[in-house]
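[1] take this sequence and fold it.
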Amino acid sequence: MKARTTPNASIDKTEKGHLLKIPAGDSSAYRFAQIDDYFGLPRRKFPHHSLTLSLRARTSSLSIPGTWGFGLWNDPFGMSLGFGANRLRLPTLPNAAWFFGASPENHLSFSDKPAQGLLAQSFRSPKFHPSLIPAGLALPFSAKATRRMLGKIIGEDSSALDVDVTQWHSYKIDWNENGVKWLVDDFLLFESPVSPNPPLGLVVWIDNQFASFTPEGKIGFGVLEGDEAWLEIENLDVGRG
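    Modelled structure (predicted):
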């Protein structure tokens, strides 16, 4: 696992894990702290084709301006939106399975699924789809039409979870080709047949970024003002398939 931060953010080792912290600041600069296992790799060489991830975690606040979380993804916004991207990669469609904390400014859903708060969320996308060409051409003229097209291409599922994230909880993601399960404190809270296409990388992060593509067709992304915020994890365990 590699650790990466922006200036004045930090990742400190604790007795059983890591404390990821971003400083207070205005909306003029991106702030993030991240650990991952795909640093420097092209997407085709990301390490995971199935995985069981477990850890304990807590956060500094019930609502952190930006995003935070842990799980698996294909780093789809490597050149455009960031999310802690480490190298120049062309954007691609998302494949992910994670616990995703999203402040109200976010709306990462193409099919009107829950998109704020703590989410159990998965995306499944093809590497290429013929509809991507008309979707791209339509974007400057009708964002709503583009969103509808993407909603037909990208498989998506999510559930909003009622969890006090400021308290220690045990989290688990069980991902294989047949689907994904999300457990909190050993209770199954959500299960979905939407299994992301591998290979994926493991990521744990906190940042002050937001991205949204609303049902009304409004597109927005940027960085947010916020107080100091942190995500602490411990007992990280990965079972590879």
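[2] ranges for the helices of the protein?
    Remark: helices assigned in the chain by DSSP state H are 132-138, 143-153.
[3] worst average pLDDT in those helices?
    Per-stretch mean pLDDT for those is lowest at helix 132-138 (a mean of 42).
[4] for residue 124, which non-adjacent residue is spatially closest?
    Spatial nearest neighbour of residue 124, excluding adjacent residues (CB to CB, 6 or more residues apart in numbering): residue 155 at 3.7 Å. From N, CA and C alone the C-beta is placed, and that goes for glycine too.
[5] tell me the spacing between the one you found and residue 202.
    Residue 155 sits 21 Å away from residue 202, going by CB to CB, to the nearest Å.
[6] which one of those two is surrounded by more residues?
    Taking other CB atoms under 10 Å, residue 155 and residue 202 do not tie; residue 202 has more neighbours (23 against 20).
[7] do I have it right that the more buried one meets residue 55?
    No - Residue 202 lies out of contact with residue 55 (CB atoms under 8 Å); the separation is 10.5 Å.
[8] what are the phi and psi values at residue 23?
    Per-residue torsions, residue 23: phi -80, psi 170 (degrees, to the nearest 10).
[9] you'd agree it is up against residue 31?
    Yes - under the criterion of CB under 8 Å, residue 23 makes contact with residue 31 at 6.4 Å.
[10] the two - which one has more neighbours?
    Neighbour count, other CB under 10 Å: between residue 23 and residue 31, residue 31 has more, with 24 against 17.
[11] so how far is residue 117 from that one?
    Counting by CB to CB, the gap from residue 31 to residue 117 is 21 Å.
[12] nearest the geometric middle of this structure, what residue?
    residue 100 (5.4 Å; CA atoms, centre = their mean).
[13] isn't that one right up against residue 119?
    Yes - counting by CB under 8 Å, residue 100 touches residue 119, with 4.5 Å between them.
[14] average model confidence for stretch 176-185?
    The pLDDT scores in stretch 176-185 average 97.
[15] residues of that stretch that come out buried?
    180, 181, 182, 183, 184 (16 or more other CB atoms under 10 Å).
[16] any idea of the pLDDT on residue 141?
    42.
[17] do the same with residue 112
    Reported pLDDT for residue 112: 82.
[18] which non-adjacent residue is nearest it?
    residue 215 (5.8 Å).
[19] swap in residue 181?
    residue 174 (4.3 Å).
[20] residue 183 is in contact with the one you found, correct?
    Yes - counting by CB under 8 Å, residue 174 touches residue 183, with 7.4 Å between them.
[21] now the residue nearest to residue 32 when sequence neighbours are not counted: how far from residue 68?
    Excluding the flanking residues, the one nearest residue 32 by CB to CB, 6+ apart is residue 207, at 3.6 Å. Note on residue 207: its distance to residue 68, by CB to CB, is 7 Å.
[22] before we move on, what about residue 108?
    For residue 108 relative to residue 68 (CB to CB), the value is 13 Å.
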